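In: sequence and predicted structure are below.
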Amino acid sequence: MTRAVLIIDMQEGMADRIRAGRPVATADAPDRIAAMLADARGRGLPVIHVHHDDPDPSSPFRKGEPAGAVMACAAPVAGETVLWKHHSSAFADTGLDGHLRDLGVTELVVAGAVAAFCVTSTVRSASDLGYKVLLPQDALLGFDLPAHDGGRIDAATVLRVTLSTLGADFARLTTVAEIAE
């Protein structure tokens with residue numbers, strides 16, 4: 001079984017949210033992602049970075065814009081694959097599946113942002129495509145969000161529900177420390 005690490009949307013727009021005081025369930029996720037990347041690189045595992053380039057010209061998450069820049073904790077190094085997506089799932093129109101199959105990857109560690117959005121879409125797609133997905137819950141950014149019926153749902157609850165759903169059928173929940181073992 002060949003394992004690869006997939007880092008999703010760890011861009012400055014996420015750091016901007018945290019610096020602005022937006023509630024986040026996993027404020028230490030950037031440090032854990034950095035540690036996970038160091039371990040993966042030390043083991044010689046393939047690392048793939050997928051960044052969001054929103055097709056909406058008013059979005060800050062665009063290639064070439066400050067919010068679209070990569071966070072230092074997840075900066076690619078020479079030889080690592082970098083893909084840009086225009087949709088929620090890292091598999092939609094990026095060539096990711098073909099790239100992983102060319103590498104012989106069958107097991108995918110998924111980390112990054114945002115847990116309830118692009119990470120969820122990617123994990124579900126990966127599972128549907130037959131990959132064994134490992135989801136280090138401490139290496140995911142999870143933010144609060146507006147409730148459909150008014151008010152806000154706190155970040156911890158959003159992350160808890162997201163992890164519960166993904167862990168029930170699409171991924172094996174784990175931690176950065178467990179992956180490094």
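Out: Structure's in. What do you need?

In: so which residue is dead centre in this structure?
Out: Gly112 (2.7 Å; CA atoms, centre = their mean).

In: test my guess that that one contacts Leu141.
Out: Yes - checked against CB atoms under 8 Å, the pair Gly112 and Leu141 is within contact range at 7.0 Å. No exception for glycine: its C-beta is placed from N, CA and C like everyone else's.

In: any idea where the helices of this protein begin and end?
Out: 12-19, 29-43, 96-103, 120-128, 155-169, 176-180 (DSSP state H).

In: now those as CSV including mean pLDDT, mean neighbour count and distance to His87?
Out: Shown next, in CSV, are those (pLDDT from 0 to 100; neighbours: other CB atoms under 10 Å; distance: least, CB to CB, whole Å):
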stretch, mean pLDDT, mean neighbour count, distance to His87
helix 12-19, 96, 17, 17
helix 29-43, 98, 18, 22
helix 96-103, 98, 16, 11
helix 120-128, 98, 20, 8
helix 155-169, 98, 16, 18
helix 176-180, 97, 16, 27
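
In: what's the closest of the ones you listed to Asp149?
Out: Nearest to Asp149 among these is helix 155-169 (14.4 Å), distances taken as CB to CB.

In: show the secondary-structure elements that that closest one is packed against.
Out: Under the contact criterion of 3 or more CB pairs under 8 Å, 6 or more residues apart in numbering; DSSP states H and E, helix 155-169 touches helix 120-128, strand 132-136, strand 172-174.

In: partner strands of the last one, with direction?
Out: Right, strand 172-174. Paired with strand 172-174 in the same sheet, following DSSP bridges, are strand 132-136 (parallel).

In: between the partner strand and helix 120-128, how many degrees?
Out: Angle between the axes of strand 132-136 and helix 120-128 is 150 degrees (criterion: axes from the mean of the first three to the mean of the last three CA atoms, to 10 degrees).

In: where do the contact lists of Gly112 and Leu141 overlap?
Out: The contact sets of Gly112 and Leu141 overlap at Met10 (CB atoms under 8 Å, 6 or more residues apart in numbering).

In: mind checking the end-to-end distance for stretch 86-97?
Out: 16 Å (CA to CA, to the nearest Å).

In: contacting residues around it?
Out: 6, 8, 48, 50, 52-55, 83-85, 117-118, 121-122, 124-126, 129.

In: list buried residues within the residues you listed.
Out: Among these, those classed as buried by 16 or more other CB atoms under 10 Å are 6, 8, 48, 50, 52-54, 83, 85, 117-118, 121-122, 124-126.

In: so who does Arg172 touch?
Out: Per CB under 8 Å, 6+ apart, neighbours of Arg172: 132-135.

In: actually Leu45, sorry about that
Out: 3-5.
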